[in-house]
Each structure stands twice: as structure tokens, then as C-alpha cells.
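> Predicted model, plus sequence, below.
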Amino acid sequence: MKLIKIAIIFVLSLGVSTHFSLEAASSDESFRKLKAETRGRFIPRAVSGELVLKVRKGETLPAELADAVTRISGDFFKVQTAPGSRADEIIRRCREKKVCGFEDEPNYVFTIPTNQSEESAPPPPSFRTEQNEKQEQQVGPNDPRVPDQWHLKGLLPLWEVIKTTSHKVKLVVLDTGFTPGPEINANYMGSILPDYPDPYDIPLGHGTSVASVMCETTNNGLDGAGVIQSCASLWVIKVARQLTLYNDNGEEIGQTAVVLFEDVIRALDLIKSQTAEDDLVIVNMSFGADFTGYERPQFFIDKMEEMGDRFVFVTSLGNDGKVAEEHYPSAAARDLESVVAVGATDEDGHRAVFSNWSDTIGSRLVYLPGVNILTAGTPQSGLFGVRHGTSFSAPIGSGLLGLIAQAMIDRGVTPTGTEVVRALTDNQPKTPEGLVIPRPWIIAGNITGQKIQGWLSPTINTQRGVVNFGGGDALAPGSLAWVSGLDLQGDQNQTPEVWFGAFRAYVLEASSRSILVQVPTELGVGDYFVSVNRLDGSSRSNEVLVSLGQTAPVVLKRTFGLLFFPSPLGVVTNEKGGLVGDPFFYPLKREEKYTLWCTGLGATVPLVPTGQVSPSEPLAWTSNPVSLRTESGKKVQVDYSGLAPDFVGLFQINFTIPEEVESGLVEIILNAGGEEDKFWTSIK
């Protein structure tokens, strides 16, 4: 049979992955040299126990601290204050509050853990807040974007058993290369490609992103976390060449990468030459190609088998949205117990539309999150960003297998690769000594669209997770607000609880992704942590800090559906309850009475308890001054401002247009207690 040399080609925009490697310098000396050269790169140097200040982007140090700090690196400063000084007082207050609020300068103070030394070159240590401490008690990381990393949900039971790996578990990523940074570093990085000796990642950034899903630096107060919170042994080897794609007209249409099996084989030989006999090696291969119509790559399947029982191979299933019985190397999972094939699921727990599937691989096919995966190492200078594809499902599987292997090692077992794979994929997953490993996602070929069960807790988005009814950030006691996130409502559709500190908000409507609430009216001006309790036995959500002002006016608005018409119109009704204010049919008329509908006007007299319908007798008037004026400064007469009777949290402003107000399309400004919102209307 004719031997066909096939390159594995994959388009990374779909998430199919590549690899990186070290150059053919495999001696112990070159290994130590490279490790020494890369250790601590991009990481501030500091000593155990030191006090460190991190300045947020765009902010500056308070003047009082100018003489008390020394820059370590970037936005990190060592803090050395004289007892009794103003700087010492500021830092003492910051220690007590955890977060330092220098008016508009929210900087953070933290201390380097005492179990890390300068020689170990620790990553930037995490700052401390009440939320951090609570999360640590629950085994979860303190990194600020973790609540947005939905693929980490369900891991808490496993993290309660094990959350780090030792040098006995070697994690290997074969991909497009690797670029270290504050959020991801490796013990070994290099290239196996003689014509591409640079081990750093190509502009696609694929290899760095894949590695970060598995081993992103965790509990450092930056960005997100990895499936493994600390990887003691991470190798990244470049095995992929970047190629530019052109159309028939010779125009560039994108980038892809190509992998040759012969290069992967050379990388595997290098890894084995540097691996102790009792180490367990997990090799992530986020790449593949459809071999339908070609001879299957038996030589590569044989090579994986030849690597021995201390190796596990985790492979991506591909992103063609079709059956993939001949997609290699993932199809090797059908024949080899050391190979796991990984497809992708979406946030709703269903197989992702782009994910391939297989009817023949069987139990060694698993489906893990592969949509909206937040990773480090995206092309834009290594920024934290979103990726999609089975390429990013595979390293979740690699991370799970690494944790399982370490849990077995900690129990005194020297597991084989097959035993580790079975612990993940068996219907009753148990390690040989009886340690049960939780299975948080779809296992063993479930491609029926059945929802994944077992999300443990709701999650509020950390970026704009709590906003006012109009979508803005301002909130006040009694405001209508949206809380958005993941799994906010349980499977039984029970109404969840939303808490602002120790006060419960009133829930008007709820779904798994958003909850409409009335902010408790009993609260005062200040900062509050918002959390969600599903009341189904799961733990509470993460906490999101919000600030309440005296007022946060939001006019209810509507669009008129015409491109040339200024938008949005305010929701204004006449005395009969009909919508008015458009220029064609129902413009406002002078000296007639109208009602503007809004929320967020603050406290009322009398105070109406949270969740109660507003009374019609007595009326609940706003305690803060409320006024209306046109953009040109003409005053609009306000006859009543207060809660709308028979509604919860909804305000109405009864007003009259005076004769002196101009005709035509007019922008009107609502001012409540000094805070403002605007809307358009038409006056005849």
C-alpha cells in the first residue's frame, strides 16, 4: 500500500490546536541552562514576607506613599514605612480593609506568602479581600476572573481532594510554542523543529492558551486560574509551523498551522529521554486531521503504544461538526487505553455545534467545556481572552487527569496511565485504593444533547454582573437592577435569593442567566457584596462588590424603529395610560399633564419596605429633589415624583409642559438628587 505522508493541518480560529517544543538540545546541561534563563521571567523579585503594593492600570500612587515604596516590576512596589508616619497609617488602614480605596485609586496591598522565597521566584502574590478569604475556605482560587471561567465550575469537589501536581506528574503541551508571562510559565520550553528553533509562541498564540487552561498561575490575584492550581512540572514543546493562507487571487485570508507526525515523534522521544521511570507523563495534543480516504497513521499509533504505561495522551476531537471516526490522533482512543479523545460542550451543557463526535470510540471519549473559555496567551500580546474549540477542551481533560494522578500518588499508589484514564472515564470512577474522583462533565460518549448535571453553585459575572435597569453601573436603594451570570436558577426553577450584604433583595423575575431584582430599600449609601443563593443545597455564588448612591435615576426608554429618529424615546404616558411622545401621532402638548416612568430615585417618604407594592394612600414621595429641564435649560414643571402605586420599585414623575418650552424633538434631562439621565420626546 502506498505510504502517504500526511501533515496535520488545523485552522486555529476554530480552536484546533498546534504545539511547541524545545530545540534538539536534550542534554541535562542545556535543560538546566534553559530553565535558568526562563525562571522568573516577567515576575517581580521579592522576598518572603514582604509587603507589596499593586497599582491598577491607569491609576497612580498616593503622594503620601511616594517615599515609602520601591518599584519591583511593572505596577508592583515594595512597601517600607516608618512607624507612626502618614504612609504607615495608610498601609495599616489598607491591611484592615484588605482593599485600599484612595478615593478614585483602588490599589491593593498584600504580603508575599512566607512559604515562598526569592529563589523560587514566586508569581505576583494575591491581594486579600473578604471575598478572597471566603473563596479560599471553599478551596476556590482568589483570581478576579475565576467567576467568569465557567469551565472551572464543578471542580470544587475535586479541588477538595487535590488541586496541585508535583514533579512526579509531568504535563506536556505539544503545540505552536510558548510565551511566558505573569499568568503562565513553564519549567521547560523549546522547539523540536530545526528550521523553527525559536521556542516562543507564534502570533496565533494557540500553544500558550492551551497551556494556560491547564496550568495558569492561580491565587495570584491576576486574571483567572488553571484547572491545576499549581503545576510543578510543565513542558511546552513547539511542533507546529505557522502557515499563511491565500485565496485564488493571491490575497491573504488568514493563518493556520501544520504539524507533521514525524516531528511529534521526535518530541516524544525527547520527553521520554528526560523522564524518570516512575514519573507519570500526560501529553496534550490539541491538533488532528481527518484521515477518511487515507491509510490511518498506524506508525504513530504504534509510537504512542511504545511510549509505555507511564504515558497518557489527551487529544482534541476536532471542530468540523461531524462524525469523526477517522480523525487522528484522537481516533487512537478506540484502540489504546492510554488515549483520551475530547469533544466540546457549550455553557448550557450540550455538545457544542462545532464539536465532532464519534459513535465508536466508546468510554474514552469525553466532552468537556469548549465554548467561551477564558485563557491567557491570546494573540494580543498575551492578553487574557476568550477561545473556542476542542483544542481548549483537551487541556481541561489533561488537567483533570493530572489531578487524578496526583491524588493517587498522594495515596501511595504508583498509577499507570491506563489506571488514571479509567479513573476519569469509568461509570463508577475509582482509583485502585478506593478514592472516588468527582466527574463534573459529560463522560463516555454522551452526545444526545442531555444537559450536564452537577454545577455546584451559581456564578455572578465579575464584569458588569450587577447593573441598573437601564444597563448602567449606578445603583441606589430601591433601584431595579439586573444580576447576570451562570446557573443563577436551579433545574427546578425555584426562585433564587439575591443578597446585598445581610439584606435580601426582592426578585421580580429569574432565569439561569439573569435575575431582575429590587435593591433593598432599607440600605443606606455605601458598598455591599451581592451574592445569589439558589436554595437547592448548592453553595452561594461568588460575591460582587457594588456601590449604592443616594439616587441612580434611570428613565424607562423605548425605540421608535426609524434609523433617522433620535433614540431612545422616554416612556411617557398620558392621563389615559397611552404611550405618547413620538412626533408623528402623539407628540406632547403644552399645558397637558403626562407621566414619565423611571427607577432609581432613591428613598421615599414614607419608606416602602422591599418587595412591597407601593401604596396609593398615602403616596410615597421622593425624599431627594427631582427636576426636569430641556437641553436648552427650560424648566419643565414637576407635579409629583414618587413611587407608582400598585408597582414594586417603579417611580413615576407627573409633569406639565409649560408654554415657553420649544417645539419639535427635545432632549429632556431628569435630575434626582444631583444624578441625571436623559431622554428624547416630541413636543407640539
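It's in. Nothing here was measured: the structure is a model prediction, and the numbers come from that model.
> Span of stretch 463-476 from start to end?
19 Å (C-alpha to C-alpha, to the nearest Å).
> List the buried residues of that stretch.
Using 16 or more other C-beta atoms under 10 Å as the test for burial, stretch 463-476 gives 465, 466, 467, 468, 469, 470, 474, 475, 476. No exception for glycine: its C-beta is placed from N, CA and C like everyone else's.
> Across the sheet, point out what pairs with the third one.
What it means is residue 467. residue 482 (DSSP bridges).
> How about the contacts made by it?
By C-beta atoms under 8 Å, 6 or more residues apart in numbering, the contact list for residue 467 reads 473, 481, 482, 484.
> Check for me that the first one belongs to a strand.
To tie it back to what came earlier, the one meant is residue 473. No: counting by DSSP: H, G, I helix; E, B strand; the rest coil, residue 473 falls outside a strand, being coil.
> What segments of the stretch 51-200 of the chain are helices?
Listed in chain order, the helices of the stretch 51-200 of the chain (DSSP state H, counting those that start in this stretch) span 86-97, 130-137, 156-161.
> Lowest mean pLDDT across those, which one is that?
Ranked by mean pLDDT, the helices of the stretch 51-200 of the chain bottom out at helix 130-137, which scores a mean of 40.
> which residues of the stretch 301-450 of the chain score low on pLDDT?
Applying pLDDT under 70 to the stretch 301-450 of the chain flags residues 348-349, 377-384, 426-450.
> Minimum pLDDT in the buried residues of stretch 463-476, which residue is that?
Ranking those by pLDDT, residue 470 lands last with 80.
> In space, what's closest to that one - neighbours in sequence excluded?
Among residues not flanking residue 470 along the chain, residue 554 sits closest, at 3.8 Å (C-beta to C-beta, 6 or more residues apart in numbering).
> So that neighbour sits against residue 677, correct?
Yes: the criterion here is C-beta atoms under 8 Å, and residue 554 meets it with residue 677 at 5.8 Å.
> shared neighbours of these two, which are they?
470, 598.
> who's more crowded, those two?
Between residue 554 and residue 677, residue 554 has the larger neighbour count (other C-beta atoms under 10 Å), namely 26 against 23.
> could you measure that one against residue 597, distance?
Distance check for residue 554 against residue 597: by C-beta to C-beta, to the nearest Å, it reads 10 Å.
> Turn the buried residues of stretch 463-476 into TSV, including distance to residue 540.
TSV is the format used below for the buried residues of stretch 463-476 (distance: C-beta to C-beta, whole Å):
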residue	distance to residue 540
465	14
466	15
467	20
468	23
469	24
470	27
474	25
475	20
476	24
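> between the residues you listed, which is nearest residue 242?
Minimum distance to residue 242 across the buried residues of stretch 463-476 is 37.2 Å, recorded for residue 465 (C-beta to C-beta).
> tell me the contacts of the nearest residue to residue 318 once chain neighbours are set aside?
Spatial nearest neighbour of residue 318, excluding adjacent residues (C-beta to C-beta, 6+ apart): residue 356 at 4.2 Å. Going by C-beta under 8 Å, 6+ apart, residue 356 touches 317, 318, 319, 320, 321, 322, 323, 324, 327, 343, 390.
> What's the separation between residue 356 and residue 599?
Using C-beta to C-beta, we find residue 356 at a distance of 48 Å from residue 599.
> same deal with residue 663?
As judged by C-beta to C-beta, residue 663 and residue 599 stand 29 Å apart.
> okay, those two: which has more neighbours?
Neighbour comparison, residue 663 and residue 599: the larger count goes to residue 599, with 26 against 12 (by other C-beta under 10 Å).
> Is that one bridged to anything, and to what?
On the basis of DSSP bridges, residue 599 is bridged to residue 554.
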